[in-house]
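>>> Structure here, sequence nowhere to be found:
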């Protein structure tokens, strides 16, 4: 069974075809890159998969279940986590609590347990705190755990976005331009990081990226979008030689 | 790294509460705290209890409410009526009426909150303010349905049996409840929704549930505070619960520093005392200036400290930022993330 | 039926006054996203200045009105300068609290004996009231004056906002402060201008209100202010036609519910309608709905 099956996904905003007839199948453990020029509709695909905006038509099947009519938090709980292109951390909250928030949406204690700090509360809190710290350690943020998320430098905020997404315990991770705003050495670290968390947490990863180098190094398969449509798909080598892709990136003749 | 125990602060908080309580008892029996200042102290604790409720709703969960006084009033009328009609000074009925006041305010908050909590920021504020005005109008006219409420002339005859020990206990319970929830996944979900509702939703936080919970709990605290108020002040009057009174709660929570519970407590108690100290200092001939000074203080404080007095700060004994190390999994063990 | 028409005319008169106040709320909200709670009190000051200048200074009414508008325009500018501008880059709640403070300051300050005094004052009619009877429908010259004045002021405002360079700048600032600044617009001046305009309209509203309902006191601005603000939200806050539409609706709701349902419950009815409209269309009747940006 495929992890993710997106069938004929279409989204129109008024007369604008943001995404037209998008199809994608992802097998367990795959790492797929989604690329394309600005405004091609990549982030809209993420928003559609996570049900943050309703599709005009088409369906998203995750591990055999249709995600239509689920709310975003339910999509997340079913095992899809995402990061945001325009970093959306909980800024006035500590780094640790950013991760503990996503970890603890179903903490294993109820309102009464929380109100009275009963035994179940203490046990569950200790456990989720320890696990959150482990994730922070993997992402290299443990020594920043008590700093406010908003005070971190840009690159670290991007990594915290990933940490927070991992806290939800995903099967499928959607990364929206994780390298945006990073310097070249940070980008190099990111390749290793994505590969290591993918292996460590058994993830399937769909990644939007602008930086070609990163995508070519990282992804086994690439899907290229332009003007809301998929214009090419294949291995990095195939994509590099595809004239349509070159045209999309380098410009086209005026029709 | 300095190790801090999660519960280390709590004994200190409780000890301080005990010291405060005993000191008050001693000073009260020596009549150093006279009847008048005791009234003010009780009032400050009651107001602060309700303000902690708004601190949960707005400070923690970020839901802008301009109708908090309505829930305070609902608690006052509910409990006051129960005590007046059936209690006749019976302490058991009084305690029951406190629960009823909280429950009714919470239930109404649930019913109104479900639809209106979908609204965002200013619009939510406007809707809650509208709700507050509706409640005030209904209180003004309530004697048409229940004579005992007195309608626009106010309700008298509620047995005045709420004394300092019970007022202080309820206040302390409210503080501890808010603190404990703040330090749980419920509290983290509240702040997440406050910081970024869309991101919280994407991280598996159910925004509707989380917001409704904060609203119901916060309003229930206003309700129990109102219930105490009815048993401490001989007249329960609709004008004590109009939208201007809602502003008072808002001012306390914002000037304390949004999200800071310590700030809410300090400002809540301080604000009530400030008003009374002004009354004492200004004397009868300058009483007219009280409102002007109150308003000027408000504008000046907010301009000098736009984020509030204790924004981003908490008394660490009450709400620690650091979390104890606990027993991390053994080295090399992969955390079971999908659990 | 005749009775109903008369009530609708009364509602129209009240709605027109609300419109003058609502415009100030909506323009200020449009430009700095602030619920200017002190606006209802500027309305009150407008009524008092007209009262003082006709009764104490014996100025003719046609001078008292522009004088009141001028003084209130200045008051609006001063309020913005002192209480809101220092908070422009703070969290929006800070400016709101400051607005509440200014509102209380004007109310309590106005209540001081050497300012307006705390008591109700009866406003003498500036001209003799004439009632015309058109086969049962009664129209007074006050209603006509209110209607004519409001229409003239609204036409003037429409011209200022739609046709002048300053109006264009106002719209630019309400769209995006920074972009407007980059285009060479003096944002501070435009904001001051908006406050002056809104406050002058509120003052005119205050004068008309005190002519139509001739009793004034320092707290008289609270309820009309709230109603006018509600009207602005009802119509879609930030939208000038929306504020007018909302105000006319609010005037009818007020008068008709007092006449046919219950005068005690009329505020409750007005705000119930507000909540219902917000639930169905959160941005108001003529407001623009933008999807939450993800």
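Sure, I can see it. Model, not experiment: these values are computed from the prediction.
>>> Make sure residue A:81 is indeed in a strand.
Yes. According to DSSP: H, G, I helix; E, B strand; the rest coil, the state of residue A:81 is that of a strand.
>>> who's it bridged to?
residue A:173 (DSSP bridges).
>>> Tell me the spacing between it and chain C.
Going from residue A:81 to chain C by C-beta to the nearest C-beta, to the nearest Å gives 15 Å. No exception for glycine: its C-beta is placed from N, CA and C like everyone else's.
>>> can you list the residues of the stretch 201-339 of chain B near chain C?
B:243, B:247, B:250-251, B:254-255, B:258, B:288-292, B:294-296, B:298-299, B:302-303, B:306-307 (C-beta under 8 Å from any C-beta of the partner chain).
>>> Among these, name the ones in helices.
B:243, B:247, B:250-251, B:254-255, B:289-292, B:294-296, B:298-299, B:302-303 (DSSP state H).
>>> Report the buried members of these.
For those, a burial check counting by 16 or more other C-beta atoms under 10 Å in any protein chain shown picks out B:243, B:247, B:250-251, B:254-255, B:290-292, B:294-296, B:298-299, B:302-303.
>>> Return the closest of those with respect to chain A.
Checking those against chain A by C-beta to the nearest C-beta gives residue B:254 as the nearest, at 15.1 Å.
>>> pretty sure the closest one is touching residue C:94, no?
Yes. Counting by C-beta atoms under 8 Å, residue B:254 touches residue C:94, with 7.4 Å between them.
>>> Name the residues contacting each of these two.
Residues touching both residue B:254 and residue C:94 (C-beta atoms under 8 Å, 6 or more residues apart in numbering or on different chains): residue B:302.
>>> Mind listing residues that contact whichever strand or helix holds residue C:151?
Residue C:151 is located in helix C:141-163, with elements delineated by DSSP states H and E. The list of residues contacting helix C:141-163 from outside it, by C-beta under 8 Å, 6+ apart, reads C:9, C:12-13, C:16-17, C:19-20, C:23, C:127, C:129-132, C:166-167, C:170-171, C:197, C:201, C:204, C:208, C:211-212, C:240, C:244.
>>> Which of the residues you listed fall in strands?
C:131-132 (DSSP state E).
>>> For ChimeraX, write the selection for the buried entries among the contacts of helix C:141-163.
Typed into ChimeraX, the line below selects the buried ones among the contacts of helix C:141-163, using 16+ other C-beta under 10 Å:
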select /C:9,12,13,16,17,19,20,23,166,167,170,197,201,204,208,211,212,240,244
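>>> Show the pLDDT at the residue in the stretch 51-200 of chain C that chain B sits nearest to.
Taking C-beta to the nearest C-beta, chain B has its nearest neighbour within the stretch 51-200 of chain C at residue C:108, 3.0 Å off. pLDDT for residue C:108: 93.
>>> try residue A:251
Value for residue A:251, per-residue pLDDT: 67.
>>> do the same with residue C:56
At residue C:56, pLDDT is 92.
>>> So in that sheet, which strands flank the helix or strand bottoming out on mean pLDDT in chain C, and in what orientation?
Lowest on mean pLDDT, DSSP states H and E among the helices and strands of chain C sits strand C:131-134, with a mean of 85. Sheet pairing of strand C:131-134 (DSSP bridges) gives strand C:137-140 (antiparallel).
>>> Show me which residues of stretch B:19-32 are buried.
Neighbour count says stretch B:19-32 has B:24, B:28 buried, by 16+ other C-beta under 10 Å.
>>> Kindly report the same for stretch B:229-236.
B:229-233, B:236.
>>> One more: stretch C:83-90?
Those would be C:83-88, for stretch C:83-90 by 16+ other C-beta under 10 Å.
>>> As CSV, those residues with pLDDT would be great.
Formatted as CSV, the buried residues of stretch C:83-90 follow (pLDDT from 0 to 100):
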residue, pLDDT
C:83, 96
C:84, 96
C:85, 95
C:86, 95
C:87, 95
C:88, 91
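>>> Quick check: longest helix in chain A by residues?
helix A:119-138.
>>> Can you give me the buried ones in that one?
For helix A:119-138, by 16+ other C-beta under 10 Å, it's A:121-122, A:124-136, A:138.
>>> Look through the stretch 51-200 of chain C and state the residue closest to chain A.
For the stretch 51-200 of chain C, C-beta to the nearest C-beta, closest residue to chain A: residue C:91, 11.0 Å.
>>> per-residue confidence at that residue?
On the pLDDT scale, residue C:91 gets 88.
>>> Enumerate every residue touching it.
Here residue C:91 is in contact with B:258, B:306-307 (C-beta under 8 Å, 6+ apart).
>>> do that again at 7 Å, thanks
B:306-307 (C-beta atoms under 7 Å, 6 or more residues apart in numbering or on different chains).
>>> same check, this time on residue B:228
So residue B:228 contacts B:46, B:98, B:162, B:167, B:170 (C-beta under 7 Å, 6+ apart).
>>> again, only this time at 10 Å
Taking C-beta atoms under 10 Å, 6 or more residues apart in numbering or on different chains, we find residue B:228 in contact with B:42-43, B:45-46, B:49-50, B:75-76, B:79, B:94, B:97-98, B:101, B:162, B:166-167, B:170-171.
>>> Do you have the helices of the stretch 101-250 of chain C handy? List them.
For the stretch 101-250 of chain C, helices defined by DSSP state H, counting those that start in this stretch occupy the ranges C:141-163, C:165-175, C:177-182, C:187-212, C:222-235, C:240-260.
>>> any bit of the fifth one sitting next to chain B?
Yes. Shown here: helix C:222-235 in contact with chain B (C-beta under 10 Å from any C-beta of the partner chain) through C:222-223, C:226, C:229-230, C:232-234.
>>> For the spatially most central residue of chain A, which non-adjacent residue is closest in space?
Most central in chain A under C-alpha atoms, centre = their mean is residue A:174, positioned 2.1 Å from the mean C-alpha point. Among residues not flanking residue A:174 along the chain, residue A:82 sits closest, at 4.0 Å (C-beta to C-beta, 6 or more residues apart in numbering or on different chains).
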